[in-house]
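Enquirer: Below are the sequence and a predicted model for it; my questions follow.
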Amino acid sequence: MITATVAGGAVALFSSQATLENVSFASGNATLQIWDDDSYEATWNSTIDLANMYPGYVSPVQEMWLKNASTAPINLGVVMALTTGGSGWGTLLKDVIEMRVADSLDNTVVGWKSLNDWFTNPASLGSITPDSETLYNLYFRMSDTADNTAANLSMPGVGFTLTGTQE
């Protein structure tokens, strides 16, 4: 016969604690800026003024620089929309004046779209990486299908909004 005896007893263990304090959290932001002829800002009050347009007219290139100045290290997907039709929005011009966006090598980013189409269907200009600048070439034209009903009209004050969204 085998007999086993189990003895139990209390065991004291040493312990210690450490504390983590003063942890701070801060969010970054998404910041898309546009060149306004002397610095990057939230708004470019452009000097683009195309007068005496006619059917088939294509403007000289208009440069638009955008910068991803976000404090967070994020890419911004950029969408462009016409958001202010100006004082002549009710005229036929919104349907016969068109805009095309190209990259710095003049490759098409967004093909020819009427101003009305830019208003109803915003378009993606692609992505801008953190702390980088991107040049876009803007071209404007009057459709060669415009007729006399588009003569002697004006549409001042047209505005576009560029929205940068984290990707």
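Expert: Alright, I've got the coordinates. All figures in this text were calculated on a predicted structure; none of them were measured in a lab.
Enquirer: Show me what the residue nearest to the spatial centre of the chain bridges to in the sheet.
Expert: Centroid check for the chain by C-alpha atoms, centre = their mean gives Val78 as the closest residue, at 2.9 Å. Counting by DSSP bridges, Val78 is bridged to Gly126, Gly164.
Enquirer: need the contact list for it.
Expert: If you count contacts by C-beta atoms under 8 Å, 6 or more residues apart in numbering, Val78 has them with 32, 66, 124-128, 162-164. In short, each C-beta sits where N, CA and C put it, glycine included.
Enquirer: Kindly recompute the last result at 6 Å.
Expert: 125, 162, 164 (C-beta atoms under 6 Å, 6 or more residues apart in numbering).
Enquirer: Any chance you could list what contacts the longest helix along the chain?
Expert: As assigned by DSSP state H, the longest helix anywhere in the chain is helix 115-120. Contacts to helix 115-120, defined as C-beta under 6 Å, 6+ apart, come from residues 82, 94-95, 97.
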